[in-house]
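Student: coords please:
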Amino acid sequence: MEADERRTVAALDAAREVFKAEIESNHGHVINMAGDSVLAVFDTAAGAVTAALAVQRTLDASSRDVPAEHRMRFRIGVHLGDVIEKPDGDLYGDGVNIAARLQALAEPGGIIVSDSVRGAVKSRVAAVFDDRGMQAVKNIADPIRAFSVRLDGAPQSPARAAANPMRWLLHPAGLVSAAGVALLIVVAAALWLRSGTAPPATETIPGMATTPGTATAALSAPGKPSIAVLPFDNMSGDAEQAYFADGITEDLITDLSKVSGLFVIARNSTFAYKGKSRDIREIGKALGVRYVLEGSVQRSGANVRVNAQLIDATSGGHVWADRYDGELKNIFGLQDTVTRNVVKALAVELTKDDRERVASRGTDNIQAYDVFLKGWEHYLRQTPEEFRAAIVDFKKAAELDPNYGRAYAALAAIYWESNTRFWGQAIGLGTYNEETLYMAEQFLAKAKRQPTPLAYQVASAMAVHSQQPEEGIAEARSAIASDPNDPDGYVALAGALSFTGKTGEALDAIERAMRLNPHYPASYVYQLGLAQFSANRLTDAAASLERVLAMSPDDYWSQRLLLATYGLLGRRADAARLVEAMKRNDQRGSRAASLDPLTIRALAYWYPFARPDDARRFADGLRKAGVPE
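Tutor: Numbers count the residues shown, from 1 in each chain. Take a look at the predicted model:
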């Protein structure tokens with residue numbers, strides 16, 4: 001400034017325009033630009049880091065021909081934390097102070113972020129995070145773990161590679177030739193979504209696996225407004241709160257999927273993008289939807305903030321964005337507001353049935369809802385250990401609200417799935433499988449007092465395996481009626497229809513499920529193979545079941561059905577190899593093997609074909625494959 005005031009002011013003004021443009025294009029808001037500093041707030045950590053990288057890249061490119069002594073260089077600090085927003089629009093608090101200290105640690109032209117930012121961003125930004133270790137900073141009691149950020153592929157700076165990273169604490173300001181300081185602060189914005197009926201279960205029918213399928217080609221959008229809800233970012237600065245952000249996302253998917261005028265992509269497919277860089281237009285093509293909803297969740301004590309933005313996936317342009325603040329005790333009212341705003345933006349009229357379905361909350365007890373979300377996170381991991389943890393949480397939720405049908409349905413699902421896998425002893429029950437079946441029946445009876453889609457799906461599977469196929473079909477149709485966009489309702493229906501011999505309808509149902517959930521799990525392909533087997537399309541059935549085993553090699557249900565298919569096709573050598581693989585890889589333990597031996601009589605229980613001809617054909621296939629009576 002002393003050497004050339006006009007040039008310096010012009011350079012500073014140009015830099016401010018770069019900051020402003022990149023901040024706004026990455027969903028940030030400039031709080032102030034006092035002197036040579038910039039203070040901004042962002043909806044997401046990824047947006048802040050992306051903006052910081054873009055600013056440094058643009059400023060570096062525009063100043064390459066400028067002599068070093070005239071070059072305007074900025075340090076940037078990014079932190080995720082709580083702030084106090086004053087009526088005049090200014091920000092205060094430790095969140096601001098830590099970001100200010102972080103920028104002082106940065107090199108000229110560099111970026112420093114806190115560990116909370118790195119954890120929130122992960123692999124969603126194409127950048128490398130170099131660990132700077134724990135940093136003691138002025139007026140902050142606890143050390144802050146800091147990371148310098150550079151574009152993926154960019155070399156680490158010689159200064160950073162020096163042996164003493166703490167030297168930046170000695171006199172950072174003296175390293176800047178033109179005194180430039182930039183401060184970027186990430187503040188989690190939040191929008192409350194509501195609790196509702198259970199999100200889609202991953203294994204409510206025997207044979208369901210968790211290995212996801214892959215949507216390999218762009219899908220055409222359906223004839224009604226279509227939307228995918230991407231996992232909301234956890235902006236709480238605490239990785240332990242990830243379950244809460246995931247639960248909020250799932251509940252929004254569930255709420256929107258109850259609206260018959262919408263086409264809503266399932267959780268399994270949208271969560272495939274969790275923690276990854278996102279090109280909304282490519283996601284829209286892959287999932288076959290017109291709109292994408294994304295956002296962030298911040299929970300701090302009894303307060304919640306959620307930010308949401310609706311994007312047109314064909315252009316990448318924003319349809320609307322909003323931020324919702326509220327207390328935890330008022331979350332359901334906020335959730336209703338969000339659902340109405342999304343539906344309104346998509347110009348969809350809610351029918352009377354839609355309104356009733358969306359209004360069905362499941363519980364008004366906030367503690368029960370929160371505990372349920374923790375249990376659901378365990379449940380989705382699909383292991384005996386996680387099932388044990390989920391049971392504790394679901395039972396606690398039911399204690400907090402004895403009328404919480406969603407918690408009872410989840411317990412029924414766990415015990416039913418444990419029954420089909422012979423996990424009774426592994427989850428803490430006795431050695432006899434009847435105990436898990438008994439518990440499933442008891443909890444399902446309680447769940448049916450306030451039924452959810454999951455309760456209907458479990459009821460359908462249990463009815464089919466009790467030789468009551470028509471009841472199984474009715475339960476599955478009830479699941480679909482209560483949530484028209486839940487693909488697992490169609491999977492349950494497909495299974496019931498296949499065992500009843502209504503193969504055309506079964507194939508239509510599984511095709512519908514796969515369209516709603518393009519990144520479908522192996523269990524969907526099993527249901528396709530089952531419908532093809534029931535239709536006596538044996539070559540197609542073998543191809544589908546072989547595909548399942550490529551996705552999930554230990555899928556016991558597909559293995560056994562494939563044995564019967566091989567037998568009917570006369571592929572004895574393939575059947576023999578499959579039997580050996582099954583014996584070699586059976587992880588269920590000797591007790592389960594003794595309770596569920598590889599015999600025609602034992603397998604008939606798990607494949608309850610209602611038509612005598614289908615049952616005889618299944619048994620004949622096993623016999624020809626070399627399976628003993």
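
Student: for residue 483, which residues are in contact?
Tutor: 197, 254, 257, 258, 357, 453, 489 (Cβ atoms under 8 Å, 6 or more residues apart in numbering). To be clear about C-beta, it is placed using only N, CA and C from the backbone, and glycine gets the same treatment.

Student: how near is the last one to residue 471?
Tutor: Distance of residue 489 to residue 471, given as Cβ to Cβ, to the nearest Å: 16 Å.

Student: please apply the same query to the fourth one.
Tutor: Using Cβ to Cβ, one obtains 24 Å as the distance from residue 258 to residue 471.

Student: now do the second one
Tutor: Taking Cβ to Cβ as the criterion, residue 254 is separated from residue 471 by 25 Å.

Student: looking at those two, which one has more neighbours?
Tutor: residue 254 (29 against 16; other Cβ atoms under 10 Å).

Student: what is the helix or strand harbouring the more buried one packed up against?
Tutor: Using DSSP states H and E, residue 254 falls within helix 242-257. When contacts are defined as 3 or more Cβ pairs under 8 Å, 6 or more residues apart in numbering; DSSP states H and E, helix 242-257 sits against strand 226-229, strand 233-234, strand 263-264, helix 267-270, strand 291-300, helix 331-345, helix 366-379.

Student: pull up the pairing partners for the second one, direction included.
Tutor: Right, the one you point to is strand 233-234. According to DSSP bridges, strand 233-234 forms sheet pairs with strand 291-300 (parallel).

Student: kindly export the partner strand (C-alpha atoms) in PDB.
Tutor: Output in PDB follows, covering the C-alpha atoms of strand 291-300 (Å, rounded to 0.1, in the frame of the first residue of the first chain):
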ATOM      1  CA  TYR A 291     -34.700 -33.200  -9.100                       C
ATOM      2  CA  VAL A 292     -32.200 -33.800  -6.300                       C
ATOM      3  CA  LEU A 293     -32.500 -32.600  -2.700                       C
ATOM      4  CA  GLU A 294     -29.300 -32.200  -0.600                       C
ATOM      5  CA  GLY A 295     -28.500 -30.400   2.600                       C
ATOM      6  CA  SER A 296     -26.900 -30.500   6.000                       C
ATOM      7  CA  VAL A 297     -27.800 -31.200   9.600                       C
ATOM      8  CA  GLN A 298     -26.300 -29.600  12.700                       C
ATOM      9  CA  ARG A 299     -27.400 -30.600  16.200                       C
ATOM     10  CA  SER A 300     -26.200 -28.800  19.200                       C
END
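
Student: in it, what's buried?
Tutor: Going by neighbour count (16 or more other Cβ atoms under 10 Å), the buried part of strand 291-300 is 291, 292, 293, 294, 295, 296, 297, 298, 299, 300.

Student: and the following helix or strand past that strand with helix 242-257, angle?
Tutor: Downstream of strand 291-300, the first helix or strand assigned by DSSP H and E is strand 303-312. With axes from the mean of the first three to the mean of the last three Cα atoms, to 10 degrees defining the directions, strand 303-312 sits at 50 degrees from helix 242-257.

Student: next, count neighbours for residue 389.
Tutor: Neighbour count for residue 389, taken as other Cβ under 10 Å: 17.

Student: mind listing what it touches?
Tutor: 375, 378.

Student: between helix 366-379 and the helix or strand harbouring it, find me the angle.
Tutor: Assessed by DSSP H and E, residue 389 sits inside helix 384-400. Interaxial angle, helix 384-400 versus helix 366-379 (the same axes, to 10 degrees): 170 degrees.

Student: hmm, residue 311 and residue 319 touching each other?
Tutor: Yes: the criterion here is Cβ atoms under 8 Å, and residue 319 meets it with residue 311 at 6.6 Å.

Student: tell me which of those two has more neighbours.
Tutor: Using other Cβ under 10 Å as the criterion, residue 319 and residue 311 rank with residue 311 on top: 24 against 16.

Student: any idea what that one is bridged to?
Tutor: Counting by DSSP bridges, residue 311 is bridged to residue 318.

Student: got the contact list for it?
Tutor: 280, 291, 292, 293, 294, 317, 318, 319.

Student: try 7 Å this time
Tutor: Counting by Cβ atoms under 7 Å, 6 or more residues apart in numbering, residue 311 makes contact with 280, 291, 292, 294, 318, 319.

Student: and the third one, how far from residue 93?
Tutor: Read that as residue 292. Remark: distance between residue 292 and residue 93 (Cβ to Cβ) = 32 Å.

Student: just list whatever residues bridge to residue 114.
Tutor: Taking DSSP bridges as the rule, residue 114 bridges to residue 146.

Student: equivalent analysis for residue 227, please.
Tutor: Going by DSSP bridges, residue 227 forms beta bridges with residue 264, residue 291.

Student: okay but it is in contact with residue 259, surely?
Tutor: No: between residue 227 and residue 259 there is no contact under Cβ atoms under 7 Å: 9.8 Å.

Student: ok, and the closest non-adjacent residue to residue 500?
Tutor: Nearest non-adjacent residue to residue 500, counting by Cβ to Cβ, 6 or more residues apart in numbering: residue 469, 4.3 Å away.

Student: burial of the one you found, as a residue count?
Tutor: 24.

Student: need the pLDDT of the residue nearest the centre of the chain.
Tutor: By Cα atoms, centre = their mean, the chain has its centre lying nearest to residue 271, at 3.0 Å. Residue 271 carries a pLDDT value of 89.

Student: residues in contact with it?
Tutor: Here residue 271 is in contact with residue 231 (Cβ under 7 Å, 6+ apart).

Student: got it, and residue 620?
Tutor: residue 568.

Student: assign it to helix, strand or coil.
Tutor: helix (DSSP: H, G, I helix; E, B strand; the rest coil).

Student: quick one: residue 365 from residue 1, how far?
Tutor: Distance of residue 365 to residue 1, given as Cβ to Cβ: 61 Å.

Student: swap that for residue 600, please
Tutor: With Cβ to Cβ as the criterion, residue 600 and residue 1 are 90 Å apart.

Student: pretty sure residue 458 is touching residue 445, no?
Tutor: No: counting by Cβ under 7 Å, residue 458 stays clear of residue 445, with 11.2 Å between them.

Student: which of the two has more neighbours?
Tutor: When neighbours are counted by other Cβ under 10 Å, residue 458 and residue 445 differ, and residue 458 comes out ahead with 32 against 13.

Student: in a strand, that one, correct?
Tutor: No: under three-state DSSP, residue 458 sits outside any strand and is assigned helix.

Student: ok, it - contacts?
Tutor: Counted by Cβ under 7 Å, 6+ apart, residue 458 has contacts 204, 409, 412, 413, 416, 444.

Student: same question for residue 495.
Tutor: Contact analysis of residue 495 by Cβ under 7 Å, 6+ apart lists 205, 461, 464, 527, 530.

Student: give me the low-pLDDT residue ranges for the stretch 501-629 of the chain?
Tutor: Residues of the stretch 501-629 of the chain that meet the criterion pLDDT under 70 lie in 585-596.

Student: where exactly do the helices run in it?
Tutor: 503-516, 522-534, 538-551, 556-569, 572-585, 590-595, 600-606, 612-624 (DSSP state H, counting those that start in this stretch).

Student: export those to a markdown table and tack on distance to residue 9?
Tutor: Listed next are these as a markdown table, based on distance: least, Cβ to Cβ, whole Å:
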| stretch | distance to residue 9 |
| --- | --- |
| helix 503-516 | 57 |
| helix 522-534 | 63 |
| helix 538-551 | 62 |
| helix 556-569 | 71 |
| helix 572-585 | 72 |
| helix 590-595 | 78 |
| helix 600-606 | 79 |
| helix 612-624 | 84 |
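
Student: quick one, which of those helices is packed in tightest?
Tutor: helix 522-534 (a mean of 27; mean count of other Cβ atoms under 10 Å).
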